[in-house]
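Peer 1: this one's structure only:
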């Protein structure tokens, strides 16, 4: 296979260019597959995944995340590698990728390889290069660690099938929540070309599961499932639209993960928003919180958001927001409520809910016990009783609870946001974020308009 | 009746022998306490017993715990025993009593209402979490091969709060089964050694040993620089957040990791 490379470039230069080009891909998890070493090569995988380092932006580094090449025939507006951009271009050879992966892996720097690529010549040509590289890594270097491959939209189904048998996870990026959005922003990509490989991989995984029940040693297809990614804040989509798409992907395409990526305007494209305050990190954070509620807390999107309330409350998290709007279901008695109801209480997570269910077999729990179990009492206290009593005298009133939760946040003692402390890219909270206050302002302004109408 | 304090050595063997002796006294458990190491101020009206670690008694206790409480509980107790906290002996002893004598059995670690169990749970969680983080953050360096051509040895130095080396070794022994490697706990002067394709074992370092003197292999510097470059490049400038980075990976781990610039050797 002939690969076009600039011969004078060192591996170091290539790595810098191609890691830089890959950094906007969010997915870096190494979870979902569990495989022992066979004694013939190096590597294994751990079900929970391992994060080997953390970069200066606080994101985890689990995999050697690189592009095979950043040359690309497409011209997507949001992408740093679009063909009309004047950036240095580089291409690895398969052997260079293998060597880097092996040497990094045995030093315990990484958990495996994340290989994506710009489109070199054609989708098929690129996909073939990726497959070839990973094939060498698995067969010649006998690498048994984690491999995550990007499926190139528009590549031949046979190639994607081949990739599935080599990799632990495959992902196809959805890029934009709506088909119209994608058309506007990425003229060379089509929704259909993205959903087709996604469906193919889903079917492949199901077929492989059936095969494995019959034949224990059948080759494994894409053991850690597939994931995808959407850009947030480049287009005026609502949170409701985004979350509905995510829910559909989880239910209809059995995806393991959907990633949300706060839009960074790398190209300063005229058609895209400038985002003075930096990338919309708080919005991204709320979407991830809601995503967790869908996957681990049995919530549905239409419980959290509706057509009339299409965006998340920036002042409090989605779970607390849901709870204060459904006070008829609270307070919850810790010693009686079933697991699913416990999961819906703000301040309780999956672990603490499980521990409560297990620990109350041995006797009634008190607030002191809850603290030891790991319940965040300052958030939960408005919503729970222990042995019929609340922790303090509080009011079961929406405005009162919201004000208290927001006040805690403002004092820095409430919800832990991953970026609040630094102040970087954090949107200043205004009083308008508090629903009660916003209503009042709305009323005043309505009165004003009415008055001015009279005048 | 006088309170009785059993003074044990700070090791799994010491604690398990202590538990054996506490049961062997046959005086109930109300007035018996397990303590790690000597006390500075002796208590009035208390009896002290010094427990000599004994491998036969340890094996008996370990077997009983495994068969009656299951592997999961046993693993938790071992994690708690590897903790750096001085009250671990009492917590483990009371947890075992709660399981075997009060009858919570295999579910003992769920009985978080019991303060001793809760403490034991907390200690075990701390050790397990630290062991997990060390499997992530530990960095191997390739040493210059001495003697035979082509034999490479990987070496990692860590400084954990708890004694996590025994929990790290199975993970790396599986992952790097064909490599010769060593994990060295600086604080306890303890080595985990794994010769390629063989079983791993623990060794205590000799007095005055300093691993800093060992030379790196020819390629080592190159890959460290490559990884530093990767680590620097992969961060998104407009999202920079050092606080989050420190939260996820504390300074006490960063000090041992090659990709953080301050650790680069010139």
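Peer 2: Looks like it came in fine. What you see is a predicted model; the values in this text were computed from it and never measured.
Peer 1: CA only for contacts and neighbour counts going forward, please
Peer 2: Will do.
Peer 1: Might you list the low-confidence residue ranges for chain B?
Peer 2: Within chain B, the ranges that satisfy pLDDT under 70 run B:1, B:146-150, B:212-213, B:263-266.
Peer 1: Which residue is most remote from the mean position of it?
Peer 2: residue B:238 (38.6 Å; Cα atoms, centre = their mean).
Peer 1: Outside of stretch B:82-97 itself, list whatever touches it.
Peer 2: Stretch B:82-97 is contacted from outside by B:11-12, B:15, B:19, B:29, B:33-36, B:77, B:80-81, B:108, B:116-117, B:119-120, B:123-124, B:126-127, B:161-164, using Cα atoms under 8 Å, 6 or more residues apart in numbering or on different chains.
Peer 1: which non-adjacent residue is nearest residue A:320?
Peer 2: Among residues not flanking residue A:320 along the chain, residue A:346 sits closest, at 5.5 Å (Cα to Cα, 6 or more residues apart in numbering or on different chains).
Peer 1: Ok, residue A:288 next?
Peer 2: Nearest to residue A:288 is residue A:260, by Cα to Cα, 6+ apart, at 7.2 Å.
Peer 1: part of a strand, is the one you found?
Peer 2: Yes - under DSSP: H, G, I helix; E, B strand; the rest coil, residue A:260 falls within a strand.
Peer 1: residue contacts, it?
Peer 2: Residue A:260 neighbours (Cα under 8 Å, 6+ apart): A:26, A:229-232, A:284, A:287-288.
Peer 1: Now that we have the residues you listed, can you turn them into JSON lines and tack on pLDDT, secondary structure and distance to residue A:16?
Peer 2: As requested, the contacts of residue A:260 are exported to JSON lines (pLDDT from 0 to 100; DSSP: H, G, I helix; E, B strand; the rest coil; distance: Cα to Cα, whole Å):
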{"residue": "A:26", "pLDDT": "87", "secondary structure": "coil", "distance to residue A:16": "18"}
{"residue": "A:229", "pLDDT": "93", "secondary structure": "strand", "distance to residue A:16": "23"}
{"residue": "A:230", "pLDDT": "92", "secondary structure": "strand", "distance to residue A:16": "25"}
{"residue": "A:231", "pLDDT": "91", "secondary structure": "strand", "distance to residue A:16": "24"}
{"residue": "A:232", "pLDDT": "90", "secondary structure": "strand", "distance to residue A:16": "26"}
{"residue": "A:284", "pLDDT": "92", "secondary structure": "helix", "distance to residue A:16": "27"}
{"residue": "A:287", "pLDDT": "95", "secondary structure": "helix", "distance to residue A:16": "31"}
{"residue": "A:288", "pLDDT": "95", "secondary structure": "helix", "distance to residue A:16": "29"}
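Peer 1: Of these, which pair is most distant in space?
Peer 2: A:26 and A:287 (14.1 Å; Cα to Cα).
Peer 1: Now do residue A:296 against chain B, distance only.
Peer 2: Computed as Cα to the nearest Cα, to the nearest Å, the residue A:296 to chain B distance reads 21 Å.
Peer 1: what do you get for residue A:191?
Peer 2: Distance from residue A:191 to chain B, by Cα to the nearest Cα: 28 Å.
Peer 1: quick one: residue B:160 and residue B:187 touch, right?
Peer 2: Yes - Residue B:160 is within contact range of residue B:187, at 7.3 Å (criterion: Cα atoms under 8 Å).
Peer 1: who has more neighbours, the two?
Peer 2: residue B:160 (20 against 13; other Cα atoms under 10 Å in any protein chain shown).
Peer 1: Show the contacting residues for that one.
Peer 2: Per Cα under 8 Å, 6+ apart, neighbours of residue B:160: B:130, B:134, B:185, B:187.
Peer 1: tell me which residues in stretch B:174-191 are buried?
Peer 2: Going by neighbour count (16 or more other Cα atoms under 10 Å in any protein chain shown), the buried part of stretch B:174-191 is B:174-185, B:190-191.
Peer 1: same question, stretch A:258-268
Peer 2: Residues of stretch A:258-268 classed as buried: A:258-265 (neighbour count, 16+ other Cα under 10 Å).
Peer 1: Output the contacts of residue B:160 in a markdown table, with secondary structure and distance to residue A:364 appended to each entry.
Peer 2: Output for the contacts of residue B:160, formatted as a markdown table (DSSP: H, G, I helix; E, B strand; the rest coil; distance: Cα to Cα, whole Å):
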| residue | secondary structure | distance to residue A:364 |
| --- | --- | --- |
| B:130 | helix | 32 |
| B:134 | helix | 37 |
| B:185 | strand | 43 |
| B:187 | coil | 42 |
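Peer 1: That'll do, ta.
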